[in-house]
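In: Have a look at this prediction, sequence included:
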Amino acid sequence: MKTGRLHQCSNRSTVPETSRSRCPSVRVQASGEAARVAVLGASGYTGAEVVRLTALHPGIKVTALTGEKQAGKSFSDVFPHLVTATSVPKLVKIEDVNYKDVDAIFCCLPHATTQEVIKKLPTHLKIVDLSADFRLRNVATYAEWYGHEHVAPELQKEAVYGLTELFREQVKGARLVANPGCYPTCSQLPLYPLLKAGLILTDDIIIDAKSGVSGAGRAAKESNLYCEIAEGINSYAVGKHRHMPEVEQGLSEASGKDVRVSFTPHLMNLSRGMQTTSYVKLAPGVTVDKLREHLSSIYESEAFVKVLPKDVIPHTRHVRGSNFCFMNVFEDRLPGRAVVISVIDNLVKGASGQALQNLNLMLGYSETTALMQLAMFP
Ligand SMILES: NC(=O)C1=CN([C@@H]2O[C@H](COP(=O)(O)OP(=O)(O)OC[C@H]3O[C@@H](n4cnc5c(N)ncnc54)[C@H](OP(=O)(O)O)[C@@H]3O)[C@@H](O)[C@H]2O)C=CC1
Ligand SMILES: CC(=O)N[C@@H](CCC(=O)OP(=O)(O)O)C(=O)O
């Protein structure tokens, strides 16, 4: 058995032996082999990041990679920086993957396409989906924000929301994990525990968010051309970004009340990196130091979430390339208010890193396997 492996298959005690033998972590443990993993949408940014991170994973072997336009090419033709990942296969179409030889999937496809693909996949597969398709539990909310009816509502009900630090136990037992969006990861990691403890008020939460351009994916779009991005910043989707209902779903659950947030994203002149600056109201009698102390105690034993010392400002450049989220809480000049700042790398903790964190748990590996690399700086 490989280092750090714990057997945690959710089905262990509830299904007959014949079904248990189909559970990847049982198969993998029994044989001592690495889990065979396919990356759907491997020719995109998050897919490439999955391949980069899993390259050093002792218990995962990437056995299938898919692309759409890029299908047929070798992986290093599409991503020359990964030319040394010599064991990975060439890109094929989704329908050409032999799923009998796959234990688990990272699904890095655009939303809407994802649900069409996942609903047809064999049920023995453990799946971490990086798209938005299975994050919202309410089908009507999904239809309202994504503009169409969901084609796999039964899977929407089954999916576990993979904000790992907050839902670790559910993730361990899941077959399908909906990996959170990058903005919802960055904003909910500090706000969820504060609301759950009643330390901040549920009204008047304002989230100002900023993302690097890789957040928009690799597909060519006019709005992502160099001249459109360089030497400036811009807001987008003002008042209507689809991460609002995702954040509201989590924060409402945390507080037990219907929470509405004001959320405005901005596109920054960086390739990767994300910051959310949240303006919140303190509950009566609560101080800013109390918010920091609470977050520190909640995340004290977490490998990937770091609450910085008083007055230390989180920088996106201090988490670049890593699976860390750095956060801190500051006094606002306006009485009774606080400023909560958190930063992540949108492609790592905001996408592929958290996806691997989740798959590690689903397969029974130590959660941190292949994820402890420190930030790249400068
Ligand atoms: N980028 C980020 O920071 C984050 C992204 N996400 C989500 O993760 C998912 C992947 O994002 P990202 O990697 O950035 O996206 P990219 O646009 O970079 O990559 C998309 C991938 O999907 C493939 N693809 C596109 N259309 C189809 C189709 N119709 N059938 C089959 N394959 C298709 C592309 O193949 P090809 O290029 O060969 O055509 C490519 O491999 C998205 O749902 C995104 O919203 C979530 C959190 C953060
Ligand atoms: C900079 C940029 O464009 N970012 C993307 C968010 C990426 C992400 O997490 O999107 P999903 O919910 O689709 O997974 C956006 O705002 O649409």
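Out: Yes, it's here. Ligands and ions are numbered 1, 2, ... in the order given.
In: Show residues contacting stretch 311-326.
Out: 185-186, 189, 212, 270, 272-275, 304-306, 308, 327-328, 330, 341-345, 348-349, 353-354, 356-357, 371-378 (C-beta atoms under 8 Å, 6 or more residues apart in numbering). In short, each C-beta sits where N, CA and C put it, glycine included.
In: filter those residues down to the ones near ligand 1?
Out: Filtering the contacts of stretch 311-326 for proximity to ligand 1 by C-beta under 6 Å from any ligand atom leaves nothing.
In: Can you flag the buried ones in those residues?
Out: Neighbour counting over these (16 or more other C-beta atoms under 10 Å) leaves 185-186, 189, 212, 270, 272-275, 304-306, 308, 327-328, 330, 341-345, 348-349, 353-354, 356-357, 371, 375 as the buried ones.
In: Send me stretch 163-174 as CSV with only the CA atoms.
Out: Taking Å, rounded to 0.1, in the frame of the first residue of the first chain, the C-alpha atoms of stretch 163-174 are listed here in CSV:
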residue,chain,number,x,y,z
LEU,A,163,-15.3,22.9,0.0
THR,A,164,-13.0,20.4,1.7
GLU,A,165,-12.3,22.1,5.0
LEU,A,166,-16.0,22.5,5.7
PHE,A,167,-17.5,19.3,4.3
ARG,A,168,-14.6,16.8,4.7
GLU,A,169,-16.7,14.0,6.1
GLN,A,170,-19.3,14.1,3.3
VAL,A,171,-16.6,14.3,0.7
LYS,A,172,-14.9,11.1,2.0
GLY,A,173,-18.1,9.2,1.3
ALA,A,174,-19.1,10.8,-1.9
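In: what does that stretch contact?
Out: Outside stretch 163-174, the residues within contact range by C-beta under 8 Å, 6+ apart are 8, 10, 126, 159-162, 177, 180, 184-185, 188-189, 192-193, 250, 299, 302, 304-305, 354, 357-358, 361-362, 367.
In: So which bits of it are buried?
Out: In stretch 163-174, counting by 16+ other C-beta under 10 Å, buried: Leu163, Thr164, Glu165, Leu166, Phe167, Val171, Lys172, Ala174.
In: Which single one of these is nearest to Pro80?
Out: Pro80 has its nearest neighbour among these in Thr164, at 31.3 Å by C-beta to C-beta.
In: Check what pLDDT the closest one gets.
Out: Looking at Thr164, its pLDDT reads 98.
In: ranges for the strands of the protein?
Out: Taking DSSP state E as the test, the strands found in the chain are 35-40, 60-66, 91-92, 104-107, 126-129, 160-161, 176-178, 205-211, 234-235, 261-267, 274-281, 305-307, 325-331, 337-344.
In: got the residues of the stretch 201-350 of the chain near ligand 2?
Out: Residues of the stretch 201-350 of the chain lying close to ligand 2 by C-beta under 6 Å from any ligand atom are Ser211, Gly215, Ala216, His243, Pro265, Leu267.
In: what about the closest residue to the third one other than its chain neighbours, neighbour count?
Out: Going back to what we said before, that points to Ala216. Distances taken as C-beta to C-beta, 6 or more residues apart in numbering put Asn224 closest to Ala216, at 5.5 Å, once the chain neighbours are dropped. Asn224 has 16 neighbours, counted by other C-beta atoms under 10 Å.
In: Touching, Asn224 and Val213? I think so.
Out: Yes. Between Asn224 and Val213 there is a contact at 5.7 Å, judged by C-beta atoms under 8 Å.
In: Just give me the closest of the buried residues of stretch 163-174 to ligand 1.
Out: Leu163 (12.3 Å; C-beta to the nearest ligand atom).
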